[in-house]
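S.K.: Build me a model from this:
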Amino acid sequence: MSSERINEIVILSGKGGTGKTSLAAAFSVLAGTEAVIADCDVDAANMHLLLKPDFARSMEFYSGELAVINQDICIRCGKCADVCRFNAIPFMENQYTISPLDCEGCGYCEKVCPSFAIVMKERKSGKVYTSTIKTEGIMVHARLDIAAENSGKLVAKVKKDAKDHANAGNKKFIIVDGSPGIGCPVVSSLSGANYVVLVTEPTMSGLHDLIRVYEVIKRFRIKAGCIINKADVNEAQSREIKEFLMSEQIDHLADIPYDSAFSSAMIEGKTVVEIQSPLKAQLEEIWKQIKLITNKNNTI
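M.R.: Numbering: from 1, shown residues only. Got it, this is the predicted structure:
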């Protein structure tokens, strides 16, 4: 199966706490082995808590550069510290050292060093994992190192590996759990997507952030649908969200009522479709609807 025939579904929310990952994990369980799962919320990955990956294969991810000082040839002139606008080269114990948390990898210190004691080396930014999850499906996920940058590039790596596995295994779907917000990881997760599922909640901030993230999606010209989670908590706000969906021709996929089943399932380390709950049937119908929409879009 060619990559053009794979339906890549990205699940996003304009803000955290809407239930995005809980729904993405539920759809992953319902998809079973017909989908490859990509956890692209690399800054705060938590999908593994529900899908139980085995972390069987891992590889280090390098992106950007870090300055390194060879103390054997450093003449302690201090020129590097003078030009570093990030204050990343403190003088400690009679030598200049690089603070990895502060170094931005600009390379200016290397340029001004008269003794050529500073070199720029490729920087380790995190790890990428390929796992088998409890559905026996494949999940590609990652962990960004503390204070590391280039999360957008790490997302791109996760997506590439997921697509490679989907092609190799003739999978029908790639389910992508994206980051909340509108930052670089979100932009990276949208590249190559066929359909976006937006998850929101009926609050003023929920609507505001839904509008913001959809402005990003429109630039990619990707068809989108929306699930209003906890829709019955504020019915007036839910109606306002529905008016926005209609005005932008966004598919209104479902209203999910507030239900403590999400929390109960999470405590057990399960998705809501793995426990006894009326929400299971509703989520099964939503997943069928998403599959029908994406299959139709892919044949146009």
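
S.K.: Can you show me the helices along the stretch 51-200 of the chain?
M.R.: In the stretch 51-200 of the chain, helices defined by DSSP state H, counting those that start in this stretch lie at 79-83, 108-112, 151-168, 184-190, listed in chain order.

S.K.: Show me how the record splits the chain into domains.
M.R.: 3-52+133-299, 64-124 (automatic domain parsing).

S.K.: now those domains in TSV, with mean pLDDT?
M.R.: Below are the domains of the chain laid out as TSV (pLDDT from 0 to 100):
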stretch	mean pLDDT
domain 3-52+133-299	92
domain 64-124	94
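
S.K.: right, and the ones you listed - which one's nearest S58?
M.R.: domain 3-52+133-299 (9.1 Å; C-beta to C-beta). The C-beta positions use only the backbone N, C-alpha and C, and glycine is treated the same way.

S.K.: picking up where we left off before, in JSON lines, list the helices of the stretch 51-200 of the chain along with mean neighbour count and distance to K134.
M.R.: Below are the helices of the stretch 51-200 of the chain laid out as JSON lines (neighbours: other C-beta atoms under 10 Å; distance: least, C-beta to C-beta, whole Å):
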{"stretch": "helix 79-83", "mean neighbour count": "16", "distance to K134": "51"}
{"stretch": "helix 108-112", "mean neighbour count": "16", "distance to K134": "48"}
{"stretch": "helix 151-168", "mean neighbour count": "21", "distance to K134": "17"}
{"stretch": "helix 184-190", "mean neighbour count": "22", "distance to K134": "23"}
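
S.K.: what would those helices look like in CSV with distance to S205?
M.R.: What follows is the helices of the stretch 51-200 of the chain, written out as CSV (distance: least, C-beta to C-beta, whole Å):
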stretch, distance to S205
helix 79-83, 42
helix 108-112, 40
helix 151-168, 23
helix 184-190, 17
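
S.K.: out of the ones you listed, nearest to A38?
M.R.: From the helices of the stretch 51-200 of the chain, taking C-beta to C-beta, the stretch that ends up closest is helix 151-168, at 3.9 Å.

S.K.: Identify all contacting residues around that closest one.
M.R.: By C-beta atoms under 8 Å, 6 or more residues apart in numbering, the surrounding residues in contact with helix 151-168 are 1-3, 6, 8, 35-40, 42-43, 61, 63, 125-126, 128, 130, 138, 140-142, 144, 171, 173-174, 176, 179, 183-185, 187-189, 191-192.

S.K.: now those: which count as buried?
M.R.: Neighbour counting with 16 or more other C-beta atoms under 10 Å marks 6, 8, 35-40, 42-43, 61, 63, 125-126, 128, 130, 138, 140-142, 144, 171, 173-174, 176, 179, 185, 187-189, 192 as buried within the contacts of helix 151-168.

S.K.: just checking, which of these belong to strands?
M.R.: 8, 35-39, 61, 63, 125-126, 128, 130, 138, 140-142, 144, 173-174, 176 (DSSP state E).

S.K.: Which neighbouring elements make contact with the biggest helix by length in the chain?
M.R.: Longest helix in the chain, counting residues (DSSP state H): helix 279-299. Here helix 279-299 touches strand 7-12, helix 20-31, strand 195-200, strand 223-229, strand 251-256, going by 3 or more C-beta pairs under 8 Å, 6 or more residues apart in numbering; DSSP states H and E.

S.K.: Next, the buried residues of it.
M.R.: Buried residues in helix 279-299 (16+ other C-beta under 10 Å): 279-280, 282-283, 286-287, 290-291, 293-294.

S.K.: I figured F220 hits A193, correct?
M.R.: Yes - contact criterion C-beta atoms under 8 Å: F220 and A193 qualify, at 7.3 Å.

S.K.: any idea how far S264 is from S22?
M.R.: Distance check for S264 against S22: by C-beta to C-beta, to the nearest Å, it reads 12 Å.

S.K.: Look at these two and report which has more neighbours.
M.R.: S22 (22 against 14; other C-beta atoms under 10 Å).

S.K.: Tell me who's in contact with G16.
M.R.: 180-181.

S.K.: do the same with S99
M.R.: In this structure, S99 makes contact with 87-90, judged by C-beta under 8 Å, 6+ apart.

S.K.: Just the buried ones among these, please.
M.R.: Using 16+ other C-beta under 10 Å as the threshold, 88-89 are the buried ones among these.

S.K.: May I see the contacts of S99 arranged in JSON lines, with distance to F55 as well?
M.R.: Listed next are the contacts of S99 as JSON lines, based on distance: C-beta to C-beta, whole Å:
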{"residue": "N87", "distance to F55": "37"}
{"residue": "A88", "distance to F55": "33"}
{"residue": "I89", "distance to F55": "36"}
{"residue": "P90", "distance to F55": "36"}
